[in-house]
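Visitor: I need the structure of the sequence given here:
(one chain, ligands or ions: 1)
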Amino acid sequence: MESILVLTHADETGSAPTKASLEAVTAGQELAAQLGAPLTIGIVAAQPQHLSKGLPSARVLAVSGDAFAQPRYSTDAAACEALVRAAQPTIVLAPHSARFSRVMAGVAHRLGGFIDTHITALASTNSNIEATRWFYRQRVEAVLTRESRPWFLLLDPGTHEVFSGQAASANIEQIAVELPTSRTTVTGLRAPQQGTQTIRPDAKLLFVAGAGWTKKQPDGQIHIEAAASLILGFLNASGASLGSSKSLVDQGSEGNSVLPFLTHLNQVGQTGATPRHPKGLSTCCHGEEPHVVGWRFIAERRAISLDPNCGWTRGKADVVYIADAFQVIAKLNELLESKKA
Ligand SMILES: Cc1cc2nc3c(=O)[nH]c(=O)nc-3n(C[C@H](O)[C@H](O)[C@H](O)COP(=O)(O)OP(=O)(O)OC[C@H]3O[C@@H](n4cnc5c(N)ncnc54)[C@H](O)[C@@H]3O)c2cc1C
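Guide: Here you go, the predicted model:
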């Protein structure tokens, strides 16, 4: 019989589970219900009692102590290993977060298990567990089954609902961890000098800026400063996350005048990211296949382009506005500001 362990960890505040952890809890609860399997939840946090509120009825195991306040390979791997050994599950679900994705393959190896990553959906048919993931930059969808146990599955964030069901009062079982000698001391956090945090995975809207923002406009001039202020104005007013085409972010390395808040981390597409947002708005971007393949998980797509023959109009967007994005975004910002006031 299968048994399921969902591993979770705290967010930067240390006082709440991450959103992706609560999505994994939903996935675990659904799978346990389908299989009639017992569900255990494991918590990695300095003070797990803060995280246990709001969890569903399940056995809850936790490691605790200052060693787990920050992500660190040696301590996180030891914590996950101890939780899995204590729970003895056949299936381990965990969020595909930066913190867990770097340790989980090692943990699976220590336990003689098998791991699959970037899982987007789980199902059980004829008591077989099926895990879905995408290959070849989201072009091919595969359904995997495995006989090996324990089977570790890292779930992509944004693929399940955040657990918000009826919370049970959890009785936490503390699991002792034998900590390895640590060579790593976390002394603080340093973020890249970007001025503005533009990548917001939890935003409802992805706003994509294409190279058109830096091209000559109908008046024969380029308008970088106006472009920067319109884009930042829209991000501030809407709370959208900022994506970019490759052509636009590449301009920085080609020595041209660019939008200073954009880096390759913003790039969406075949050689960029595949973010998940309910809606997307593309501006000044041609909608070529290597870019649009990164929109696989954007549910509703709209684009503003001057070119009526752009890729978006060829079935890649739900709505295309053939219009000047400078004018449209200026008007949108005006409307958003007046709504706020
Ligand atoms: C192996 C490989 C991998 C690649 N990977 C990626 C990837 O990961 N991501 C990616 O994005 N690309 C990728 N590309 C590049 C991709 O093919 C395109 O070259 C790129 O996406 C084009 O960027 P763009 O649409 O912003 O620029 P352009 O093609 O220059 O299009 C600019 C658009 O802006 C419009 N425009 C200009 N002014 C305005 C205005 N005022 N209002 C409205 N519209 C306006 C123009 O009409 C034009 O359609 C890859 C290519 C290859 C070969």
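
Visitor: CA atoms for contacts and neighbours, from now on please.
Guide: Will do.

Visitor: Near the ligand, which residues of the stretch 201-341 of the chain are found?
Guide: The interface of the stretch 201-341 of the chain toward the ligand, taken as C-alpha under 6 Å from any ligand atom, is made up of 210-213, 217, 245-248, 267-272, 283-288, 290-291, 304-307, 310, 323-326.

Visitor: Quick one: residues contacting the nearest residue to residue 175 once chain neighbours are set aside.
Guide: With sequence-adjacent residues excluded and distances taken as C-alpha to C-alpha, 6 or more residues apart in numbering, residue 175 is closest to residue 63, at 5.3 Å. Contact analysis of residue 63 by C-alpha atoms under 8 Å, 6 or more residues apart in numbering lists 43, 44, 45, 46, 48, 79, 83, 174, 175, 176, 177.

Visitor: could the residues you listed be laid out in JSON lines, adding secondary structure?
Guide: Listed next are the contacts of residue 63 as JSON lines, based on DSSP: H, G, I helix; E, B strand; the rest coil:
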{"residue": "43", "secondary structure": "strand"}
{"residue": "44", "secondary structure": "strand"}
{"residue": "45", "secondary structure": "coil"}
{"residue": "46", "secondary structure": "coil"}
{"residue": "48", "secondary structure": "coil"}
{"residue": "79", "secondary structure": "helix"}
{"residue": "83", "secondary structure": "helix"}
{"residue": "174", "secondary structure": "strand"}
{"residue": "175", "secondary structure": "coil"}
{"residue": "176", "secondary structure": "coil"}
{"residue": "177", "secondary structure": "coil"}
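
Visitor: Check those one by one and keep those near the ligand.
Guide: Okay, of these, nothing touches the ligand (C-alpha under 6 Å from any ligand atom).

Visitor: Of those, grab the buried ones for PyMOL.
Guide: Entered in PyMOL, the line below selects the buried ones among the contacts of residue 63, by 16 or more other C-alpha atoms under 10 Å:
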select buried, resi 43+44+45+46+48+79+83+175+177
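
Visitor: Nearest to the ligand among the contacts of residue 63?
Guide: The shortest approach to the ligand among the contacts of residue 63 belongs to residue 44, at 34.4 Å (C-alpha to the nearest ligand atom).

Visitor: Helices along the chain, start to end?
Guide: 19-35, 49-52, 73-87, 98-110, 224-238, 246-253, 289-292, 325-340 (DSSP state H).

Visitor: Reformat the ones you listed as JSON lines; add mean pLDDT.
Guide: Formatted as JSON lines, the helices of the chain follow (pLDDT from 0 to 100):
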{"stretch": "helix 19-35", "mean pLDDT": "96"}
{"stretch": "helix 49-52", "mean pLDDT": "88"}
{"stretch": "helix 73-87", "mean pLDDT": "97"}
{"stretch": "helix 98-110", "mean pLDDT": "97"}
{"stretch": "helix 224-238", "mean pLDDT": "95"}
{"stretch": "helix 246-253", "mean pLDDT": "88"}
{"stretch": "helix 289-292", "mean pLDDT": "96"}
{"stretch": "helix 325-340", "mean pLDDT": "95"}
